[in-house]
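In: my questions are about this predicted structure, shown below with the sequence.
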Amino acid sequence: MRRLYVYLLISISIGTWLLSLYTINRCCEPTTVQNISYPETMTPLEWKSGEIRRIYHHFDGRLGNMLFQYAAVTSIARQYNSTPCFNYNALNEFFEYQKDVCVQSAPDTAIHLTEESNYGTYMNFTIFQDTILHGYLQSYRYFDTDVIDSMQIKLRFKTEARLILSHVLKMPSNQHRVAIHIRELHSAGENNLIQLPDTVVPKHIYLRFPSPFFFENAMAYIRDKHPSATFAVLSDNPEWCEQQTYLQHADVQVVSSKNAPIVDLALIAECDHVILTRGTFGWWGAYLGASMRGGIVVYNAAEFDMLDPVNAEHVVLSDFYPAHWISIPIGTQLNMPNVYAPNTY
């Protein structure tokens, strides 16, 4: 009997030892890597629910550039159900609904994505984790409708712009008001190239300022559509604009006051139609105003020198200009065919 009891204890001990070995081996087996396929209706970040994800961006440039970056990064973040974060709140002073924008430095674990030199090209970024997104991101194709709808210039700047239009320029709201945006700093730089000594290397210029023919064609196009239209010229140098013969017409007024940039942006946005020369500032005035309300936006078809290495293969015109905007070649005459053909270069 005693021998049977001893055998029983030995059997239990051996069984317990074998069970412990099995448990240890199961516990410490290497994890099997599985091939994960995301559901077709979800993005990678939406599939990994419950995680806090952020897309970080460092603002570059001035107001027009920053508006592109804010709208693009915020729209991309919305697409991936993540939070956009910036190095500072660049728009809070000028735009509504900006006080709660995330201002935060990126963690070391965030990956870097960049548009490289393709500043005027839509890039189809894929985001899987916390990401630092680099670039100027100058394409309206990034934009989410809700993001653009929320980008409202603050009422006090809109009010100031409306007072200038109605009381200073005497342009009634029941007539078609047209903004012509001219940054004289650009054109003056080009004009000064002619006067530079041979020993001076001219500053590199890759965005063209339009010829007088452009302005004549652009204004003629809008006058043809709206004979009672009046034009307001907005510039950082109104004195220079007043000297240009192509702007000396009875229906054209130069805004003589030098306003804050946000007021000029609001003035462009308050107008029914817009004529653009070059640059992102006027682009945004047109996009937030006339373009959204079904007005006419006319732009310089030769703004980008596509042979310049800054632009060549880095700018896609259909990504930069909305399809319903009207392009006018830089040196055309009124009687030439296809002068007003959209999106021609």
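Out: In hand now; what should we look at?
In: geometric centre of this structure: which residue is closest?
Out: In the chain, the residue lying closest to the centroid (Cα atoms, centre = their mean) is residue 68, at 1.9 Å.
In: and it, what element?
Out: Using DSSP states H and E, residue 68 sits within helix 63-79.
In: what does the next helix-or-strand element following that helix contact?
Out: Using DSSP H and E, the helix or strand that follows helix 63-79 towards the C-terminus is strand 83-86. Residues from elsewhere that reach strand 83-86 (Cβ atoms under 8 Å, 6 or more residues apart in numbering): 52-59, 70, 73-74, 76-77, 101-104, 106. Heads up, the C-betas are built off the backbone N, CA and C, glycines and all.
In: which among those residues end up buried?
Out: Buried members of the contacts of strand 83-86, counted by 16 or more other Cβ atoms under 10 Å: 53-57, 59, 70, 73-74, 76-77, 101, 106.
In: and which of those residues is nearest residue 224?
Out: Minimum distance to residue 224 across the buried ones among the contacts of strand 83-86 is 36.4 Å, recorded for residue 70 (Cβ to Cβ).
In: show me what contacts that closest one?
Out: Counting by Cβ under 8 Å, 6+ apart, residue 70 has contacts 59, 86, 90, 91, 151.
In: what segments of the stretch 151-300 of the chain are strands?
Out: Using DSSP state E, counting those that start in this stretch, the strands of the stretch 151-300 of the chain run over 177-182, 230-235, 252-254, 273-276, 297-300.
In: of the ones you listed, give the one that comes closest to residue 243.
Out: Residue 243 lies closest to strand 252-254 among the strands of the stretch 151-300 of the chain, at 9.8 Å (Cβ to Cβ).
In: pairing partners for that closest one, with directions?
Out: Paired strands of strand 252-254, with direction, are strand 230-235 (parallel) (DSSP bridges).
In: just the angle between the strand it pairs with and strand 177-182, please?
Out: Computed by axes from the mean of the first three to the mean of the last three Cα atoms, to 10 degrees, the angle separating strand 230-235 from strand 177-182 equals 30 degrees.
In: would you confirm that residue 328 contacts residue 299?
Out: Yes. Residue 328 is in contact with residue 299 according to Cβ atoms under 8 Å; the separation is 7.5 Å.
In: pipe the strands of the stretch 151-300 of the chain into a markdown table and attach mean neighbour count and mean pLDDT per row.
Out: Output for those, formatted as a markdown table (neighbours: other Cβ atoms under 10 Å; pLDDT from 0 to 100):
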| stretch | mean neighbour count | mean pLDDT |
| --- | --- | --- |
| strand 177-182 | 26 | 95 |
| strand 230-235 | 23 | 95 |
| strand 252-254 | 19 | 94 |
| strand 273-276 | 28 | 97 |
| strand 297-300 | 24 | 95 |
